[in-house]
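> coords please:
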Amino acid sequence: MIANITKGKRAVGALVYDFGPGRRDEHINPRIVAGNVTGTPLQVARAIDHTARRRPGITAPIWRTSLSLPDEDGILPDAQWSAIATAFIADMGFDGAPWVAVRHGDDHIHLTVSRVDWGGQLLTDRWDYRRAREAADRIEEEHGLVRAADRFRAEGPQVRNNELEASNRRRGPDAAVPPEREELRRLVREVRDASRGLGRDAFESGLADVGVRFRANEASTGKMNGYSFTVDDLVDGEGERIWFPASKVARELRWAQLKTVIGDGPPAGPDAAATAEFVDRATEMMRQGRIERGTALSGDHPALSSDPAARILAQWQAKTAGQEVPAEALSVPKPESVPAWTDRRRRPHGALATDAIPGEIKKARRQIATWQSEMETAHANARDWDGMATGAVTGARVRNLHQLQAAVAAAEPHIEAADTARHDRVAADTAADAARTTWREASHRKELGRLELRRMGTSRKAEEKRATASGEAIHAYVEQGRQAMTRAVEASRAAQEASGLPDAEAEATRLREKWPQLLADAQRGDQDEGRARRDAEQSRAQGLARRVDAVAARADRLAQEAEFRRTMPADQAKAEGRARRDAARTAPSTARRRKAAPRPPGEQPAHLRRQPPAAGGPGRT
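Just a heads-up that it's a prediction; the model follows:
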């Protein structure tokens, strides 16, 4: 069982997809098989979303997974799927939140869960991939399903698409042989099994006998580190031989494991008894192997047996005894006739006119050149964006932030002048308020009687003089405040012109107080953009590479078709040419379009015959 996990914002889109036709109309009979929310699909989705919205700060509150089974498990009933879904949700710790399981196919179900439970608490998704794998393992054991761990355990490094296409180009797409790496894996394993306990000499002799070239990787100190293998036709586009290290052929062919199988070989010297013991033991192991495989020895000399293990052992026995190994008969390939032009599998372009093939090949090569140029551009763009993703290159956000800092620095003298002018105005206003207080006090005292003024230690004339001085001071301080305000306005305008910012002082305050956070946010934003753009360019380059490979394969098939026609007998070429011309003349033309039937008089077109929607809109009453 495989659990594929995704996360999103809303459950409505997920349920609409589950109950829709699918991407290729593969959804059949969608239905809810388990869950703790009832209602129609949209009602269930809205209930899940309503619970998830209780924690608005969570960016991806919807947790979703598909549980799929291999064909070996067959088609399970809905009741068993319901039990599987319920157990899986419980193992994941999501049973306290609203969830639903939808089935629209034979081999899988979709589970949609809110990470916010009924009480508004957020359920953790930490280590959810590992927890899902462990839950799936428990369910496989409980329900007797095929274990994914056993099913997907690779016996060695797998052959990818690029390597498979390269093998097809070397051997031809119709060659009924596996790729070279798989062939190496089979041959080297057979030689290893046949050389069990016989040592390196027997192993290397067996490799040479089956046509496998080898290269021992020995250090300068003489320490053996392992082998590299290849076959005769395994070359790259430039004709250079391709070598596979033993670990890339199969894991158990590494020297640390291989040396324990082939051993050290028989002891040196003419010790016939020891050699016979080794041969007898190897013969017994091979006999048991033949019994298990159900194979039999050939009636000819054992060194010419059809069993690879028996052939290698017999050849080693003959070499050890000093005998001449009989030569194998060379198979002479029979001349192969040119396939018919209607054979779409072997001649997919057989219906194409002979004169049109060179033009098609040239067109394909031009397309390849165009796509290769675009692919190089995409790789260069990906490298550029990778620099920004890793922080090695400064992004636009960081540059803009530094430009803003430089603009504020240019306006800094004017900002300081504006601050000084404002402080001067505040001081002038404060002094004016103090002068007003003195003026009011003097104005009040000069109206008092002479006896009372004498008691206060002053006189009317002194208070009048004091009031006059206070009034003059008030006017002077007010004028100073006005002038300071004018200077502040002029300094602010100068700061705006020097920086090009509408409010340079506010920007200066923001940069001074929040610079570390602003810089960290800008760097994070640039790196996120760099990763997104890099991944997009890499995906674009991979898509172009697939297109180039497909068009290159088409050009190869066109070249094969041209070679077929060049080497075929003249009478067959003439017969094919007549057959192609006859087929082209009798083929139905696609240039003409079928005319639509005339519309009856007075009838409106189809797009005008629809009923308009209700006044309240869809879903309203």
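> quick one: contacts for the residue lying closest to Leu123 once chain neighbours are set aside?
Closest residue to Leu123 apart from its sequence neighbours, by C-beta to C-beta, 6 or more residues apart in numbering: Arg115 at 4.9 Å. Placement of C-beta: from N, CA and C, glycine included. With contact set as C-beta atoms under 8 Å, 6 or more residues apart in numbering, Arg115 has these partners: Ala52, Ile58, Ala60, Pro61, Ile62, Trp63, Phe94, Ala97, Leu122, Leu123, Asp125.
> try 10 Å this time
7, 51-52, 55, 58, 60-63, 94, 97, 121-125, 128 (C-beta atoms under 10 Å, 6 or more residues apart in numbering).
> so what pLDDT did it get?
Arg115 carries a pLDDT score of 92 in this model.
> same check, this time on the one 4 residues further on
In the predicted model, Gly119 carries a pLDDT score of 85.
> Not counting sequence-adjacent ones, nearest residue to it?
Once flanking residues are discounted, Gly119 sits nearest to Gly96: 7.7 Å by C-beta to C-beta, 6+ apart.
> I'd say that neighbour and Leu123 touch.
Yes. Gly96 lies in contact with Leu123 (C-beta atoms under 10 Å); the separation is 7.4 Å.
> And the strands in the chain?
Taking DSSP state E as the test, the strands found in the chain are 2-8, 31-35, 62-68, 99-103, 108-114, 213-218, 224-230, 244-245.
> Redo those strands as CSV? Include distance to Asp193 and mean neighbour count.
As requested, the strands of the chain are arranged in CSV below (distance: least, C-beta to C-beta, whole Å; neighbours: other C-beta atoms under 10 Å):
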stretch, distance to Asp193, mean neighbour count
strand 2-8, 34, 15
strand 31-35, 49, 19
strand 62-68, 37, 21
strand 99-103, 47, 25
strand 108-114, 40, 24
strand 213-218, 16, 14
strand 224-230, 16, 18
strand 244-245, 19, 18
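> How many neighbouring residues does Ala406 have?
Using other C-beta atoms under 10 Å, Ala406 is surrounded by 10 other residues.
> Next, the contact list for it, please.
With contact taken as C-beta under 10 Å, 6+ apart, Ala406 is in contact with Ser499.
> what bits of this protein have low per-residue confidence?
For the chain, the stretches with pLDDT under 70 are 150-161, 171-177, 265-317, 319-339, 586-621.
> measure the closest residue to Asn400 other than its chain neighbours to Trp371 for me?
Closest residue to Asn400 apart from its sequence neighbours, by C-beta to C-beta, 6+ apart: Ala522 at 7.6 Å. Per C-beta to C-beta, to the nearest Å, Ala522 is found 36 Å from Trp371.
> what do you get for Ala484?
Distance from Ala484 to Trp371, by C-beta to C-beta: 70 Å.
> Verify the stated contact: Glu416 with Ala495.
Yes. Glu416 is in contact with Ala495 according to C-beta under 10 Å; the separation is 9.4 Å.
> overlap in contacts of those two?
Common contact partners of Glu416 and Ala495 (C-beta under 10 Å, 6+ apart): Ala508.
> wait, what's in contact with the residue nearest to Asn400?
Going by C-beta under 10 Å, 6+ apart, Ala522 touches Thr394, Gly395, Ala396, Arg397, Val398, Arg399, Asn400, Leu401, His402.
> measure it to Ile32 for me?
47 Å.
> Measure how buried Gly237 is and give me the count.
With other C-beta under 10 Å as criterion, Gly237 counts 8.
> Next, it: phi, psi?
When read as degrees, to the nearest 10, the backbone of Gly237 gives phi -70, psi -20.
> In helices only, show me the contacts of Ala522.
Ala396, Arg397, Val398, Arg399, Asn400, Leu401, His402 (DSSP state H).
> Output the strands of the chain as JSON lines; include the columns distance to Arg445.
Below are the strands of the chain laid out as JSON lines (distance: least, C-beta to C-beta, whole Å):
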{"stretch": "strand 2-8", "distance to Arg445": "81"}
{"stretch": "strand 31-35", "distance to Arg445": "90"}
{"stretch": "strand 62-68", "distance to Arg445": "80"}
{"stretch": "strand 99-103", "distance to Arg445": "86"}
{"stretch": "strand 108-114", "distance to Arg445": "79"}
{"stretch": "strand 213-218", "distance to Arg445": "112"}
{"stretch": "strand 224-230", "distance to Arg445": "110"}
{"stretch": "strand 244-245", "distance to Arg445": "109"}
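> out of these, nearest to Glu490?
Minimum separation from Glu490 across the strands of the chain (C-beta to C-beta) falls at strand 2-8, 55.9 Å.
> how about the CA coordinates for that closest one, as PDB?
This file holds the C-alpha atoms of strand 2-8, laid out as PDB (Å, rounded to 0.1, in the frame of the first residue of the first chain):
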ATOM      1  CA  ILE A   2       1.300   3.400  -1.000                       C
ATOM      2  CA  ALA A   3       0.300   6.600   0.800                       C
ATOM      3  CA  ASN A   4       0.700   9.800  -1.300                       C
ATOM      4  CA  ILE A   5       0.400  12.900   0.900                       C
ATOM      5  CA  THR A   6      -0.500  16.400  -0.200                       C
ATOM      6  CA  LYS A   7      -1.700  19.500   1.700                       C
ATOM      7  CA  GLY A   8      -3.900  22.400   0.700                       C
END
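> Which residues does it contact?
Against strand 2-8 from outside (C-beta under 10 Å, 6+ apart): 14, 52, 59-70, 88, 92, 108, 110-112, 115, 125, 128-129, 131-133, 135-136, 139, 148, 151-152.
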